[in-house]
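Chemist: Based on what follows, work out the 3D shape:
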Amino acid sequence: MIGAAHRGLAPSRATLDNGVVVVAKRSRATPAVTLHGAFAAGVAFDHPDRPGVAHFVSRTIDRGTAARSAEAIAEELDRRGVSLAATVNRHMLSLVCTCLVEDLAAVIELLADVVRNAAFPAEEVRTRRGEIVTMIRQDDDNPATAASEGLLADLYGPTHGYGRRPRGSLESVDAIDRSALARFHAARCVPGSLSLVMVGDVEPSHAIDAAAAAFADWQAPPPPPLELDAVAPQTSRRVRVIPMMKKAQADIAYGFTSLRRSDPAYYAYWLMNNILGQYSLGGRLGHNIRERQGMAYYVFSALDANVIPGPLFIRAGVSPANVDRTLASIDEELTTLAADGPTEDELAESKQYLIGSMPRQLETNAGIANFLQAVEFFGLGLDYDVRVPALLQAVTRDEVHEAARRTLNPGRATIVVAGPYSGQPT
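Modeler: Sure thing, here's the model as predicted:
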């Protein structure tokens, strides 16, 4: 049944009898349609003893079906000028492509074949395993990746859905075979976990009908629930160094667990993070550490509120000689923001920036599709784009100050330094 329309983006939403959710938005910018299909099949669904399966599936799901070889799929897409990208994050495995309006029905049919009937041919599995092994070795040799993955492992534990390495390990990937991929696919890539967003120059009712033609007869048991425990906030400071002495740069990952996306305080945290340093050239961190002191190649903060309390983290790339000074400066900025809160000017400017940046995020079909997938995943409502300005404007200075007081305590920070650094940070 198609839901009612709203102002703003005003997408239409329908749920097929088998549980597939279809969201369609008409956009006349170009004679094309972006399709973004997402399954609840991200890396958090990996078994703790078998990390890397979800990522491996994302690398092989489009490499052949019962009816089409990998070459046939590639040729059919290429003939229509379509590139299909498969990606995976903590919770979702996504397939995204853009096609001409006249090719919509054919491309949806092809996409349905790929996600419903993925065959995981043995030769393709071997080839992709080699590529993943190369990626893992590159990650192992990258200070930025080592620091960020190390921080998440220390915050959540190395076997937790938010703490484990998304690509797995060399040992786990070597043990993943076709049957493991097929089992994960059969359990997680099912109609009850699929949301399909279509944005482009097509009537929403036509897009929904095309999706129903390709997916309505698909039947499979509902996916098992995800068991994902929240972790207790840290009560003391932890610092770990990953020596990589042949590198030129040290990378710092500094963070905390924060809050769930569903927490009403999210909008205060969003503003706090923007004030702190959401963008490398702006915010307090960038102004102090990069612009004023000239110590960092980059420095920024990021908030990933999620199904459970996600990380709030700070990343910096510095000369090894500047690690201790950079950590001291981060400590100082967090302590000051927690003690004094933001200024009224900072709050007003951040509200103006975040509200003003939304239209830019929604300029393209792909941007709108990404936004609507997030809206669907977090259950924010079809009118969320209309409500965001008021939600941000309603946040007070005291609420942002309280968010900083609750979270930005250097004495409870978890810190990982990776690179050519042999000091003993505290």
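Chemist: From now on I want contacts and neighbour counts done on CA atoms only, so please keep to that.
Modeler: OK.
Chemist: got a list of what Thr127 touches?
Modeler: Shown in contact with Thr127 (Cα atoms under 8 Å, 6 or more residues apart in numbering): no residues.
Chemist: what's the helix or strand for it?
Modeler: helix 122-140 (DSSP states H and E).
Chemist: same thing with Ala418?
Modeler: strand 414-419.
Chemist: elements contacting that strand?
Modeler: Applying 3 or more Cα pairs under 8 Å, 6 or more residues apart in numbering; DSSP states H and E, one finds that strand 414-419 contacts helix 143-156, strand 238-243, strand 250-257.
Chemist: Output the ones you listed in TSV; the columns should cover mean neighbour count and mean pLDDT.
Modeler: Converted to TSV, the helices and strands packed on strand 414-419 look like this (neighbours: other Cα atoms under 10 Å; pLDDT from 0 to 100):
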stretch	mean neighbour count	mean pLDDT
helix 143-156	23	98
strand 238-243	17	97
strand 250-257	27	98
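Chemist: and these as TSV, adding distance to Ala348?
Modeler: Formatted as TSV, those follow (distance: least, Cα to Cα, whole Å):
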stretch	distance to Ala348
helix 143-156	31
strand 238-243	34
strand 250-257	26
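Chemist: Of those, give the one that comes closest to Pro48.
Modeler: Closest to Pro48 of the helices and strands packed on strand 414-419, according to Cα to Cα: helix 143-156, at 12.6 Å.
Chemist: Tell me the first helix or strand C-terminal of the closest one.
Modeler: Assigned by DSSP H and E, the successor of helix 143-156 is helix 170-175.
Chemist: May I see the buried residues of that following helix?
Modeler: Neighbour-count burial for helix 170-175 flags Leu170, Val173 (criterion: 16 or more other Cα atoms under 10 Å).
Chemist: That helix: how far from the chain's middle?
Modeler: How far helix 170-175 lies from its chain's middle: 24 Å, per Cα atoms, centre = their mean, to the nearest Å.
Chemist: average model confidence for the helix or strand just after that helix?
Modeler: Using DSSP H and E, the next helix or strand after helix 170-175 towards the C-terminus is helix 178-188. In this model, helix 178-188 has a mean pLDDT of 97.
Chemist: relative orientation of helix 178-188 and helix 122-140 in degrees?
Modeler: Angle, helix 178-188 to helix 122-140, by axes from the mean of the first three to the mean of the last three Cα atoms, to 10 degrees: 90 degrees.
Chemist: So Leu347 is in contact with Glu399, correct?
Modeler: No. The pair Leu347 / Glu399 is not scored as a contact, 10.8 Å apart, by Cα atoms under 8 Å.
Chemist: Comparing the two, which shows the higher neighbour count?
Modeler: Neighbours per residue (other Cα atoms under 10 Å) separate Leu347 from Glu399, with Leu347 holding more: 22 against 18.
Chemist: what's the neighbour count on the nearest residue in space to the more buried one that is not next to it in sequence?
Modeler: Excluding the flanking residues, the one nearest Leu347 by Cα to Cα, 6 or more residues apart in numbering is Arg397, at 6.8 Å. Arg397 has 19 neighbouring residues, counting by other Cα under 10 Å.
Chemist: Check Arg406 too.
Modeler: By the measure other Cα under 10 Å, the count of residues near Arg406 is 11.
Chemist: need the contact list for it.
Modeler: Counting by Cα under 8 Å, 6+ apart, Arg406 has contacts Ala338.
Chemist: picking up where we left off before, for the helix holding Thr127, what is the average pLDDT?
Modeler: Mean pLDDT, helix 122-140: 97.
Chemist: Which positions within that helix qualify as buried?
Modeler: Residues of helix 122-140 classed as buried: Glu124, Val125, Arg128, Arg129, Ile132, Val133, Ile136 (neighbour count, 16+ other Cα under 10 Å).
Chemist: What angle do helix 143-156 and it make with each other?
Modeler: 90 degrees.
Chemist: doesn't Glu346 make contact with the residue nearest to Leu347?
Modeler: No. Between Arg397 and Glu346 there is no contact under Cα under 8 Å: 9.5 Å.
Chemist: What lies in contact with the helix or strand hosting Asp345?
Modeler: Here Asp345, judged by DSSP H and E, is contained in helix 344-361. Helix 344-361 is contacted from outside by Leu271, Asn274, Ile275, Gly367, Ile368, Val388, Pro389, Leu392, Gln393, Arg397, using Cα under 8 Å, 6+ apart.
Chemist: got the buried residues for that helix?
Modeler: Glu346, Leu347, Ser350, Lys351, Leu354, Ile355.
Chemist: Averaged pLDDT, the very next helix or strand once past that helix. What do you get?
Modeler: Using DSSP H and E, the helix or strand that follows helix 344-361 towards the C-terminus is helix 365-378. For helix 365-378, the mean pLDDT works out to 97.
Chemist: Pull the residues that contact stretch 372-382.
Modeler: In contact with stretch 372-382 (Cα under 8 Å, 6+ apart) are residues 5-6, 10-11, 23, 36, 38, 195, 197, 261-262, 307, 384.
Chemist: same check, this time on stretch 85-102
Modeler: Here stretch 85-102 has contacts from 31-45, 54-55, 58-59, 80-84, 107, 161-162, 166, 200-202, using Cα under 8 Å, 6+ apart.
Chemist: average pLDDT for it?
Modeler: Mean predicted lDDT for stretch 85-102 stands at 97.
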